[in-house]
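*Asks:* Show me the folded form of this:
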Amino acid sequence: MSDKKDDNKETALDTAGTVDAAICGLAAANINFDIAFIVPVLLHMMSQAIQIVVLVMFFSHQVEPMESAYEGAQWPHVQGAIKASLATGIPVKSLNATNGGGVKDENGVIQVYPAVHAWLAKQCMSNAGDIVNIFAISLLVGNAMKDLIKIIWSMKTVLSLPSKGAKEADKISLEKPPAKFQITEMKCLWKVITTLLIFLPHIWTHAMIAYQGAKFLSLLSKVNKIIKSFIKLYFISKFDAQIAKAFTAPNFAKLLKVSVYVAPKDAKPHPMWSSFCSGVFRVFFAFFLAVIIYEVVFDRVGTLDDLCLQYQVKFPEQVKTYCIGNDENGVGGTCGMDWSNPFNS
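*Replies:* Here you go, the predicted model:
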């Protein structure tokens, strides 16, 4: 292809996922159309479709049922029960209509919801505290920011390429990959296809993973579940990398390794985004967003966490009932580690 100009900059393609592989295939098809160059595009579309299906199934079956307690008609019962327990000094499982544990319905009749009380008793005993949730959300947001910035700058790079036709001498083949494949131009048709089939679905998917994942992590209370759930979310977000590793053809992988964008320098991120400053900015911005998400967007979760912490202080004997080996009255030992005797507790 045409030689690189002084005002242009080379950037290597990412070999770890299906996105740049699909772009490389379209760029090669821009020179000489071959079905072998379209296969990586189809592979990316398959990966994206599976990722979206997994995303929808995971959150519709996992997150939405967990969110019910904080929505609509459910939330007044939840908040009312825990506040009644704190006000009366009666554990939530012992609340009833005569001791202040009921909630008036639309007709003014006091209703008691034992299922809500049982859920609250369990939820409050496993409360990890705000900081664990916020830390997990900040990690998720940081990863999402990195992925989204990367894909947006790749889109800007591709769209900034000249829309010229390729020379006959520039034609390439997977049987004999060139020593370097410079992506210097792309026809308007391929740019439209790349934007509609690769960039926009990828941006939407990662944005949804970040939003729904933040909601999921906000709703969790146990530390071990927060950690395991973060790993699940990471797997969903990096699904295309596993697809690329498993199914990319060896010949095409060789072409991808020697492929580079040759685009105007202003189409690439400012050097600041690769410096120490970018890391500092992402840390503070991710933490700031995590606090906003947890304390403002899903504020009811934080409200219940605060009430649960008060509940644990007011009813320490109730905490013991959820320790392994203790009976329903909390008899048998204490929760957690005795720091004065760590090997026997």
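*Asks:* can we go C-alpha only for contacts and neighbour counts from here?
*Replies:* Will do.
*Asks:* which residues in the stretch 1-150 of the chain form strands?
*Replies:* All strands of the stretch 1-150 of the chain, identified by DSSP state E, counting those that start in this stretch, fall at 8-12, 103-104, 110-111.
*Asks:* ranking those by mean pLDDT, which is last?
*Replies:* Lowest mean pLDDT of those: strand 103-104, a mean of 68.
*Asks:* thought residue 148 was touching residue 203?
*Replies:* Yes - using C-alpha atoms under 8 Å, residue 148 and residue 203 qualify as a contacting pair, with a distance of 6.3 Å.
*Asks:* so residue 293 touches residue 214, yeah?
*Replies:* Yes - with contacts counted by C-alpha under 8 Å, residue 293 reaches residue 214, the gap being 7.3 Å.
*Asks:* between the two, which one's more packed in?
*Replies:* Higher neighbour count among residue 293 and residue 214: residue 214, with 25 against 19, using other C-alpha atoms under 10 Å.
*Asks:* Nearest spatial neighbour of the more buried one, chain-adjacent residues omitted?
*Replies:* Spatial nearest neighbour of residue 214, chain neighbours left out: residue 137 (5.5 Å); criterion: C-alpha to C-alpha, 6 or more residues apart in numbering.
*Asks:* and residue 310, how far is that from residue 180?
*Replies:* For residue 310, the distance to residue 180 (C-alpha to C-alpha, to the nearest Å) stands at 64 Å.
*Asks:* Using CSV, list the CA coordinates for stretch 194-211.
*Replies:* What follows is stretch 194-211, C-alpha atoms only, in CSV (Å, rounded to 0.1, in the frame of the first residue of the first chain):
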residue,chain,number,x,y,z
THR,A,194,-17.1,-1.6,10.3
THR,A,195,-19.0,1.1,12.3
LEU,A,196,-22.3,-0.7,12.2
LEU,A,197,-21.2,-4.3,12.7
ILE,A,198,-18.1,-3.9,14.8
PHE,A,199,-17.7,-0.6,16.7
LEU,A,200,-21.2,0.4,17.7
PRO,A,201,-22.3,-3.1,19.0
HIS,A,202,-19.0,-3.4,20.9
ILE,A,203,-19.4,0.0,22.5
TRP,A,204,-23.0,-0.8,23.5
THR,A,205,-22.1,-4.2,24.9
HIS,A,206,-19.3,-2.9,27.1
ALA,A,207,-21.4,0.0,28.3
MET,A,208,-24.2,-2.4,29.3
ILE,A,209,-21.7,-4.7,31.0
ALA,A,210,-20.4,-1.8,33.0
TYR,A,211,-23.9,-0.5,34.0
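*Asks:* For it, which outside residues touch it?
*Replies:* Defining contact as C-alpha atoms under 8 Å, 6 or more residues apart in numbering, one finds that stretch 194-211 is touched by 19, 22-23, 26, 44-45, 48, 51-52, 55, 140-141, 144, 147-148, 151-152, 155, 233, 236-237.
*Asks:* Let's see that with 6 Å instead.
*Replies:* Contact with stretch 194-211 is made by no outside residue, as judged by C-alpha atoms under 6 Å, 6 or more residues apart in numbering.
*Asks:* how far out from the middle of the chain is that stretch?
*Replies:* 13 Å (C-alpha atoms, centre = their mean, to the nearest Å).
*Asks:* higher neighbour count, residue 310 and residue 180?
*Replies:* Higher neighbour count among residue 310 and residue 180: residue 310, with 15 against 12, using other C-alpha under 10 Å.
*Asks:* The residue lying closest to that one once chain neighbours are set aside: how many residues sit nearby?
*Replies:* Nearest non-adjacent residue to residue 310, counting by C-alpha to C-alpha, 6+ apart: residue 86, 7.8 Å away. Using other C-alpha under 10 Å, the number of residues around residue 86 comes to 17.
*Asks:* and whichever strand or helix holds residue 155, what other elements does it pack with?
*Replies:* For residue 155, the element it lies in under DSSP states H and E is helix 130-160. In this structure, helix 130-160 makes packing contacts with helix 276-292, judged by 3 or more C-alpha pairs under 6 Å, 6 or more residues apart in numbering; DSSP states H and E.
*Asks:* Render the CA-only coordinates of the following helix or strand past the helix it packs on in CSV, please.
*Replies:* The helix or strand immediately downstream of helix 276-292 is helix 299-314, counting by DSSP H and E. Only the C-alpha atoms of helix 299-314 are listed here, as CSV (Å, rounded to 0.1, in the frame of the first residue of the first chain):
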residue,chain,number,x,y,z
ASP,A,299,-29.0,4.7,46.8
ARG,A,300,-31.6,2.3,48.3
VAL,A,301,-28.9,-0.4,48.5
GLY,A,302,-26.7,2.0,50.5
THR,A,303,-29.6,3.0,52.7
LEU,A,304,-30.3,-0.7,53.6
ASP,A,305,-26.6,-1.4,54.2
ASP,A,306,-26.5,1.5,56.7
LEU,A,307,-29.6,0.2,58.5
CYS,A,308,-28.2,-3.3,58.5
LEU,A,309,-25.0,-2.1,60.2
GLN,A,310,-27.1,-0.5,62.9
TYR,A,311,-29.0,-3.7,63.2
GLN,A,312,-25.8,-5.7,63.7
VAL,A,313,-24.8,-3.4,66.5
LYS,A,314,-28.2,-3.5,68.2
